[in-house]
Structure formats: C-alpha cells, structure tokens
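Student: Need coordinates for the following:
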Amino acid sequence: MAMRNSASETRPAALAIDALRAFGCLRLRADGTSMLPALHPGDVLDFASCAYPQVEPGEVVLFRRDDRIVIHRVVARTAAGLLTQGDGLAQLDAPVAAADLLGRLVGHSRAGRAIAPSRRPRRLPLTRWLFGRSTLAARIFLRWHRATGSARA
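Tutor: From the prediction side, this is the model:
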C-alpha cells in the first residue's frame, strides 16, 4: 500500500515523513490494494516511530521508497535490510534499509471501528495469489466487503 506520489504529490509524502520524525507518530488514510484483505483503502492507520532492531517479522511497517511512502508487512530481517511484502502481492519488495524505515503500525480503524493490528496476514492461502494477479479480484472483494459491512450496520 503506498501513498502515491507524482511530482505534485512529493510534498505530502515529505510532510508525512517530517511529521513522523518530529512527533513520533503519524495518522494517515490507506490508499491502494496491496495489503488486502488486512488493510483496505480508506482505513485510518496510526504509525509510531521505531528503530530497525525493534521491528519483528509479521509487523506492518511504513517505509520510504524513492519519493513515496509504502505500507507493507515485514517478512524477514536480513543483512541487506527488512524484507517486506504486501499481503495481496505475489512477490517480495526490494530490501528496506534501516535508514528508510519510518515506523510501525500501532493502530488501525475502519469505518470508525478499531481493529487490532495483527502480525499474521488476514487472508486465505489463495488470497495472495489471487489479489497479486488480478485487480478485478481486489475490486470485487472491496465491493463485496462494503456491501456486507453496510448490511450489518
């Protein structure tokens, strides 16, 4: 999941990074589908600053990649950096250097309801394969989830 940045969006990413560094916490709204089904577009996420040695595999982290910020789950720690991957993606990201790590997920809410951050991806075994290969599957999942969520409310 990334905050997308074109030339006009570079400033918001830089402001988010500066706020996290200055205050030690950052609240932002998720954008993208790479972390489905754990994180949905529009979810409100709270991140806290952390050091590289504090991060454990399974945690969701915020990191800088080029001129944007990305939200993915830590798969492993290696000498090259953190190995991360979106829950709905088929392949690993390039290693994340300690200097590019910004924070870890400490709070998560959807439609005003708190959701406990989990170290385990919320997905069926087939989900990563399906979402990693089909944007249509992700759109159908989101539409179904919104429909069933509104029916319960």
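Student: which regions of the chain lie under the pLDDT threshold?
Tutor: 1-10, 120-153 (pLDDT under 70).
Student: ok, 50 please
Tutor: By pLDDT under 50, the weakly predicted segments of the chain are 3-9, 150-153.
Student: Please, where are all the helices along the protein?
Tutor: Along the chain, counting by DSSP state H, helices occupy 10-23, 125-133, 135-152.
Student: show me what contacts the most centrally placed residue in the chain?
Tutor: Centroid-nearest residue in the chain, with C-alpha atoms, centre = their mean: residue 71, separated by 2.8 Å. Residue 71 is in contact with 1-2, 30, 35, 39, 45, 60-62, 105, counting by C-beta atoms under 8 Å, 6 or more residues apart in numbering. Backbone N, C-alpha and C define where each C-beta goes, glycine included.
Student: Between all of the residues you listed, which two are at the greatest distance?
Tutor: Farthest-apart pair in those is 2 and 105; separation 14.6 Å (C-beta to C-beta).
Student: can I assume residue 44 is in contact with residue 26?
Tutor: No - look at residue 44 against residue 26 with C-beta atoms under 8 Å: they stay out of range, at 11.2 Å.
Student: Comparing the two, which residue is more hemmed in?
Tutor: Legend: neighbour count by other C-beta atoms under 10 Å for residue 44 and residue 26, higher for residue 26 (22 against 16).
Student: Can you tell me the closest non-neighbouring residue to that one?
Tutor: residue 20 (4.1 Å; C-beta to C-beta, 6 or more residues apart in numbering).
Student: what's the neighbour count on the one you found?
Tutor: Residue 20, neighbours per other C-beta under 10 Å, totals 20.
Student: Residue 116 now?
Tutor: When neighbours are counted by other C-beta under 10 Å, residue 116 registers 6.
Student: show me what contacts the nearest residue in space to it that is not next to it in sequence?
Tutor: Once flanking residues are discounted, residue 116 sits nearest to residue 108: 7.5 Å by C-beta to C-beta, 6+ apart. By C-beta under 8 Å, 6+ apart, the residues touching residue 108 are 39, 43-46, 114-117.
Student: Compute the distance between residue 62 and residue 28, please.
Tutor: Taking C-beta to C-beta, to the nearest Å as the measure, residue 62 falls 8 Å from residue 28.
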